[in-house]
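Undergrad: Attaching a predicted model along with its sequence, questions to come.
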Amino acid sequence: AWSAMSTGANSDVNVINPYPGSIVFIGGGFTTIGGQSFSRAATWNGVGFSSVGGTSALNSSVNDASLSPSGVITVGGSFTTVDGITYPSNTAQINGGQYSPLGIILPAGTANVYAVESDYAANTLYLGFDGTGTAVAESIATLTHNGTGMTYPVIYLTTTVASRVYSIANYTTNDFVFFD
């Protein structure tokens, strides 16, 4: 049966994705939903809304989202900043209430990401965006350990331009470590 989630939003709702455990992610162009202030992303628990990413403010719409088995949300849209920090690829990941950029370079002239889909079994992220050209993932490395003993990998990153590490992912367990 259909039932209303709340009194509504003050702008578009572009994506509604269920989480495990009766939680629903909602994204769009709204700044209020259910009479509460949210900056274009919220969750619904069947009773009320909660923020996603604390008080983080996206400067424009969330158009689509994908949820990993471990609860990491990947969002795409027309936003270019989160809390005043530039996110040039119009994409972000939300993990434990913290936003982080994806490290993807979209073709010049791209203004919106309209579709986000993840195949976590294949470690693949699919983005649908306006503009022409190929998106490039920055500095992604795969480490494989097939031994039986515990090891702690040493990761050496070399680059000819200034860069930073935003996250390290274990795709076997879907655990992530994010860096500010």
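TA: Thanks, I have it. Numbering: from 1, shown residues only.
Undergrad: so who does the nearest residue to N112 once chain neighbours are set aside touch?
TA: Distance criterion CB to CB, 6 or more residues apart in numbering; nearest residue to N112, sequence neighbours excluded, is S78 at 4.6 Å. Where C-beta positions appear, they are placed from N, C-alpha and C, glycine not excepted. The neighbours of S78, taking CB atoms under 8 Å, 6 or more residues apart in numbering as the test, are S60, S61, N63, N90, A111, N112, V113.
Undergrad: Against S61, how distant is the fifth one?
TA: Using CB to CB, to the nearest Å, one obtains 11 Å as the distance from A111 to S61.
Undergrad: ok, those two, which is more surrounded?
TA: Between A111 and S61, S61 has the larger neighbour count (other CB atoms under 10 Å), namely 21 against 12.
Undergrad: Quick check: pLDDT value at the more buried one.
TA: Listed pLDDT for S61 reads 95.
Undergrad: do E117 as well
TA: 87.
Undergrad: what about it, how many residues close to it?
TA: E117, neighbours per other CB under 10 Å, totals 14.
Undergrad: Using the three-state scheme, assign it.
TA: Three-state call for E117 (DSSP: H, G, I helix; E, B strand; the rest coil): strand.
Undergrad: Who are the contact partners of the residue lying closest to it once chain neighbours are set aside?
TA: Of all residues not flanking E117 in the chain, Y126 sits nearest, at 4.4 Å (CB to CB, 6+ apart). Neighbour list for Y126: A115, V116, E117, S118, D119 [criterion: CB under 8 Å, 6+ apart].
Undergrad: quick one on the thing from earlier: can you list which of the contacts of S78 are found in strands?
TA: Using DSSP state E to define strands, the subset of those located there is N63, V113.
Undergrad: Out of the contacts of S78, the closest to V13 would be?
TA: S61 (10.0 Å; CB to CB).
Undergrad: The residue nearest to T86 when sequence neighbours are not counted and G35, how far apart?
TA: Of all residues not flanking T86 in the chain, T80 sits nearest, at 6.4 Å (CB to CB, 6+ apart). Going from T80 to G35 by CB to CB gives 28 Å.
Undergrad: one step back: kindly indicate the member of the contacts of Y126 with the most neighbours.
TA: Neighbour max across those (other CB under 10 Å) = V116, 26 neighbours.
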